[in-house]
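Chemist: Sequence and predicted structure, then a few things I'm wondering about:
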Amino acid sequence: MDKNNYKVISDGVYEVLKPKNYKIEKYEMGEYFSDSKRAFMIDYDESKKLIVLKTAVLQENESVEWREVSSWLFDENSDDKDKNGIKNDFCDSVLETLGDKAGLGGMKKVEMPSKKKKADTIDMESFSARFLDICPQAKAAYKQNVSMYNEFLYDAFFKEYGVKELQNVISEGNARKISKFFELLNTSYINGEKNVASTIVYTIICGTLYSSNPCEKEIEKQLEKYPYLASAVRNSKKILSTPKAREKYGL
């Protein structure tokens, strides 16, 4: 993560903590903020592209146990809007952790989607919950989507992260994970509402097939197990056979 982007977020959090007598403490891996009773730290996981706000209660002669308060995806596609949104969320998360509800002023906390297990059909919320269960690394991106737009723009989310996670799971080559991913897509396609089925076929699968990393052989291999989904994908590819048609669907 770019040092300047990290500094904007870190400085924003410190501005909230400074009036509460928190000071910057240095350690071998970087820095954290502490008032000798509690500490906050901002960490960046390069492998997952996640920036994470952590906190710990400090007790004399006891080891420090950090717990995650909030996390967001921040990669090469992130911009100033994302950076400022993360800063606001981290500041709110700090105030909420400290019980200072009067000071909350940034973005609202985002609730994760529910599976709605008793529902007869799978709606977009339920599909999103199942997707995030098998791709937990995308939870930060989900929160980011909802916070930025004050609603879940599912097409934008799955166009980027549905495709990205499908590409990633195929690239990893773990047969169990690949099978689990396609089982989710098939079950949700068969039992899903119209927008769920369309998202699976056009946005995720066809979005991957027409991307810079199409994974075509493995996708075709997996679809052999699911004839209804495979048929839907074949028909969709006919519709998307021209550049003009693909442009219409944002592919």
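Modeler: Perfect, I can see it now.
Chemist: low pLDDT regions in the stretch 51-200 of the chain?
Modeler: 101-109, 117-119 (pLDDT under 70).
Chemist: for it, what spans make up the helices?
Modeler: Per DSSP state H, counting those that start in this stretch, the stretch 51-200 of the chain carries helices over the ranges 80-97, 124-134, 139-149, 154-157, 163-172, 175-191, 194-198.
Chemist: Now do the helix or strand hosting V16, average pLDDT.
Modeler: Following DSSP states H and E, one finds V16 within helix 3-17. For helix 3-17, mean pLDDT is 91.
Chemist: got the buried residues for it?
Modeler: Within helix 3-17, the residues scored as buried using 16 or more other Cβ atoms under 10 Å are 5-6, 9-10, 12-14, 16-17. Just so you know, the C-beta spots here come from the backbone N, C-alpha and C atoms, and that holds for glycine as well.
Chemist: Save those residues as a markdown table, and put in distance to P136 too.
Modeler: As requested, the buried residues of helix 3-17 are exported to a markdown table (distance: Cβ to Cβ, whole Å):
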| residue | distance to P136 |
| --- | --- |
| N5 | 24 |
| Y6 | 23 |
| I9 | 22 |
| S10 | 25 |
| G12 | 26 |
| V13 | 24 |
| Y14 | 29 |
| V16 | 28 |
| L17 | 29 |
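Chemist: follow-up on the earlier one: please tabulate the helices of the stretch 51-200 of the chain in CSV and include mean neighbour count and distance to S241 as additional columns.
Modeler: Shown next, in CSV, are these (neighbours: other Cβ atoms under 10 Å; distance: least, Cβ to Cβ, whole Å):
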stretch, mean neighbour count, distance to S241
helix 80-97, 20, 35
helix 124-134, 20, 27
helix 139-149, 19, 31
helix 154-157, 18, 21
helix 163-172, 19, 19
helix 175-191, 17, 21
helix 194-198, 15, 18
